[in-house]
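> Quick check, what structure comes out for this input:
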Amino acid sequence: MNGFYQLTRAIAAIGLLAMGGAAAAPAYAGPAELALLQSYLGDWRGRGVLVGANTETVLCRLSLKPGNQDKVNYSGRCSLAGTQLSVAGTMAYIAASKRYEAVMSSNATFTGVAIGQKRGNGLIFNLRERDQDEEGKELAITAQINLARDAINVVFEVIYVENGDSLRADVPFSR
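Below you'll find the predicted structure:
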């Protein structure tokens with residue numbers, strides 16, 4: 001399994017919580033939806049472990065800032081095993097769909113949209129994607145980003161469909 005490629009694809013999922021690369025539909029969020037998104041503005045740091053063929057420490061920084069049209073822009077960077085991954089995107093409440101969305105792009109050529117739902121006082125974004133690695137092997141990528149009060153937690157997994165090999169990480173963030 002190509003660990004570097006899987007790793008960069010997997011870490012790209014982390015970026016789904018504070019992104020800016022692709023434009024979301026017009027948001028027109030109400031005051032409550034906008035206030036919930038804006039409650040996460042600021043600088044965040046995360047430290048977790050990536051488990052696969054080897055175990056690696058993941059260190060991340062994330063910055064959420066006000067965007068245009070009731071959106072929150074984010075940018076982040078993660079490092080592990082001497083590799084840097086950067087992500088950027090936008091989070092917004094899409095009134096027409098009655099849901100939150102996070103859109104992202106990364107330097108690992110990954111782009112995606114995560115659908116968010118309000119849970120209690122926070123938000124949970126889920127991403128499920130299928131893709132191929134540079135050798136044409138099919139990958140299943142999943143990520144869950146949980147924004148709850150003064151914490152953000154990202155859990156992501158990349159599975160090679162053909163043989164079940166996987167990478168999994170849990171990265172908690174705090175201000």
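> residues of the helix or strand encompassing I115 that come out buried?
The secondary structure element spanning I115 is strand 111-119 (assigned by DSSP states H and E). By neighbour count, with 16 or more other CB atoms under 10 Å as the criterion, the buried positions of strand 111-119 are 111-114, 116. To be clear about C-beta, it is placed using only N, CA and C from the backbone, and glycine gets the same treatment.
> Take those and write them to JSON lines, including pLDDT and distance to Y100.
Listed next are the buried residues of strand 111-119 as JSON lines, based on pLDDT from 0 to 100; distance: CB to CB, whole Å:
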{"residue": "T111", "pLDDT": "71", "distance to Y100": "18"}
{"residue": "G112", "pLDDT": "77", "distance to Y100": "14"}
{"residue": "V113", "pLDDT": "85", "distance to Y100": "11"}
{"residue": "A114", "pLDDT": "86", "distance to Y100": "9"}
{"residue": "G116", "pLDDT": "92", "distance to Y100": "3"}
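> Not counting its neighbours along the chain, what's nearest D131?
Excluding its sequence neighbours, the residue lying closest to D131 (CB to CB, 6 or more residues apart in numbering) is L139, at 5.0 Å.
> Can you name the residues bridging to that neighbour?
Using DSSP bridges, the beta-bridge partners of L139 come out as D131, Y160.
> so what's L41 up against?
L41 sits next to 64-66, 72 when contact means CB atoms under 8 Å, 6 or more residues apart in numbering.
> pLDDT score for it?
Each residue has a pLDDT score; the one for L41 is 95.
> cool, and M19?
Reading off the model, M19 has pLDDT 36.
> From what I see, the residue nearest to D131 and F156 are in contact.
No: the criterion here is CB atoms under 8 Å, and L139 misses it with F156 at 11.9 Å.
> I'd like the next helix or strand past the worst-scoring helix or strand of the chain on mean pLDDT.
Of all the helices and strands that make up the chain, helix 3-12 has the lowest average by mean pLDDT, DSSP states H and E, namely a mean of 51. Sequence-wise, the next helix or strand downstream of helix 3-12 (DSSP H and E) is helix 31-38.
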